[in-house]
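1. Return atomic coordinates for the entry below.
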Amino acid sequence: MTIASGLLAEPDAIRVLTTDVLEPPAPHAARIAGALAASFGGDCTAVIHYGSHAQQSGARPESAYDFFVIVGDYEAAYAALAESRGLSRSPRTAARLNRILAPNVLAITFPELAPPALAKCAILSQADLAAAVSPTAPDHFTQGRLFQHVQLAWVRDPEARAATLAALAACRARTIEWGLPFLPDTFDAAGYIRALLARSFAAEIRPEADDRVDTLTGAQRTSLAPVYDQLLQRLEQIKIVRKEGDVYRRAMTTDDRERRRWERYFRRSKRRATLRWGKYVLLYDDWLEYVVRKVERRSGVAVELTPRERRWPLIFLWPRVLRYLRTRPQRRR
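-> As a prediction, the model looks like this:
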């Protein structure tokens, strides 16, 4: 039995680990979630709001809203989306791609909403969501987002609600397994969250500078710290951590072999996250503009593309990409 499975076996574990999840989203986010559910049809089971708008961590009004859209059957869901909103690939192709390096990430616009909205949607089946937060998760993409503050913005029925909350609780409980080797000497709930964020950010090539981790920790302190304080209290009871005054220390140490195992997991996760870029080009409408805006917003560096780079980005953008990878904010330590 893993540490997480022991925690999840407690009768009230799901409730304790998802108290923030049931906070209602902002009205505009709720409207977008409802529109997404309608767009994916009857196969949509849940819509999870995450990211900077959910966390109130400095999102601009015009920034995309981030959602996980949970579905039953990929092909049926994409067929409904193609009929309601249009789709750049056939539903069958999109479904096949979703089974490879899940999730797919799509941009869906809602010009009819006031104000008009752009939703950046990660698409997962209910089964793939459960797999992504399990001990055999192939990478960290889903866990790295869902251990943070999220909101269950729409759910189809009580069965889908129970399954989604169970997956989110498992995601939070599992943080101790992949996070334990990378915790500082002492930490409170906020310090625990910060260590998780820092480790998760290192598992992807991202445009954010180091201070983004502190920004996210501060933005989520009110909503998320009580959840992880409860987790740490339970970990103290089973002697995984011990409390000394207002802070915790690791009571259960990890050997070098265990740390190397998790380092291999994060290296594999980074490779898989990078491979997903090819799917973004295939599926994410206006992907180039989205990337440029994100780099500018998070790094504070203006990006001016030449006409040739805009017209043939897959051919002429590589020198700029390689130069950015060498000098990106993550590497300015």
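2. per-residue confidence at the residue lying closest to Ile176 once chain neighbours are set aside?
-> Spatial nearest neighbour of Ile176, chain neighbours left out: Ile3 (5.5 Å); criterion: Cβ to Cβ, 6 or more residues apart in numbering. Placement of C-beta: from N, CA and C, glycine included. What the model reports for Ile3 is a pLDDT of 93.
3. Ile3 contacts Glu177, doesn't it?
-> Yes. Using Cβ atoms under 8 Å, Ile3 is in contact with Glu177, at 5.7 Å.
4. in the stretch 201-333 of the chain, which ranges drop under the pLDDT threshold?
-> 206-210, 287-302, 308-333 (pLDDT under 70).
5. so what's Gly191 scoring on pLDDT?
-> At Gly191, the predicted lDDT confidence score is 98.
6. What is the neighbour count of it?
-> If you count neighbours by other Cβ atoms under 10 Å, Gly191 ends up with 17.
7. what about it, which SS state?
-> helix (DSSP: H, G, I helix; E, B strand; the rest coil).
8. Confirm for me that it is in contact with Pro184.
-> Yes. Shown here, Gly191 and Pro184 form a contact pair, counting by Cβ under 8 Å, at 6.4 Å.
9. how near is the residue nearest to Ile176 to Val247?
-> Noted for Ile3: a distance of 20 Å to Val247, by Cβ to Cβ, to the nearest Å.
10. Then Gly42?
-> According to Cβ to Cβ, Gly42 and Val247 sit 49 Å apart.
11. residue closest to the middle of this protein?
-> Centroid check for the chain by Cα atoms, centre = their mean gives Arg145 as the closest residue, at 2.2 Å.
12. list the helices and strands the helix or strand hosting that residue packs on?
-> Per DSSP states H and E: Arg145 is located in helix 141-146. For helix 141-146, the packing partners by 3 or more Cβ pairs under 8 Å, 6 or more residues apart in numbering; DSSP states H and E come out as strand 44-50, strand 65-71, strand 117-125, helix 126-132, helix 158-173, helix 189-201, helix 256-283.
13. so which of the ones you listed comes closest to Ala13?
-> helix 158-173 (6.0 Å; Cβ to Cβ).
14. What are the buried residues along the closest one?
-> The neighbour-count check on helix 158-173 (16 or more other Cβ atoms under 10 Å) flags 160, 163-173 as buried.
15. re the thing from before, touching, the residue nearest to the centre of the chain and His49? I think so.
-> No. Using Cβ under 8 Å, Arg145 is not in contact with His49; the gap is 11.1 Å.
16. Name the residues contacting each of those two.
-> Asp66 (Cβ atoms under 8 Å, 6 or more residues apart in numbering).
17. burial of Thr136, as a residue count?
-> Using other Cβ under 10 Å, Thr136 is surrounded by 6 other residues.
18. Likewise for the one 10 residues further on?
-> Using other Cβ under 10 Å, Leu146 has 22 other residues around it.
19. Relative to Val241, how far out is Pro184?
-> For Pro184, the distance to Val241 - Cβ to Cβ - is 12 Å.
20. Out of these two, name the residue with the larger neighbour count.
-> Val241 (24 against 13).
21. list the contacts for the more buried one?
-> 232, 235, 248-252.
22. give me the beta-bridge partners of Ser125?
-> Applying DSSP bridges to Ser125 gives these bridge partners: Val71.
23. Give me the pLDDT for it.
-> 98.
24. If I follow the layout properly, it ends up in contact with Val71?
-> Yes. Under the criterion of Cβ under 8 Å, Ser125 makes contact with Val71 at 5.7 Å.
25. Give the residue from the two that has the larger number of neighbours.
-> Using other Cβ under 10 Å as the criterion, Ser125 and Val71 rank with Val71 on top: 27 against 21.
26. got the contact list for the more buried one?
-> The contact partners of Val71, taken as Cβ under 8 Å, 6+ apart, are 40, 43-45, 77, 123-126.
27. and if you look at Ala169?
-> When contacts are counted by Cβ under 8 Å, 6+ apart, Ala169 touches 8, 13-14, 17-18.
28. who wins for most neighbours among the residues you listed?
-> Comparing the contacts of Ala169 on neighbour count, Leu17 comes out first with 27 neighbours (neighbours: other Cβ under 10 Å).
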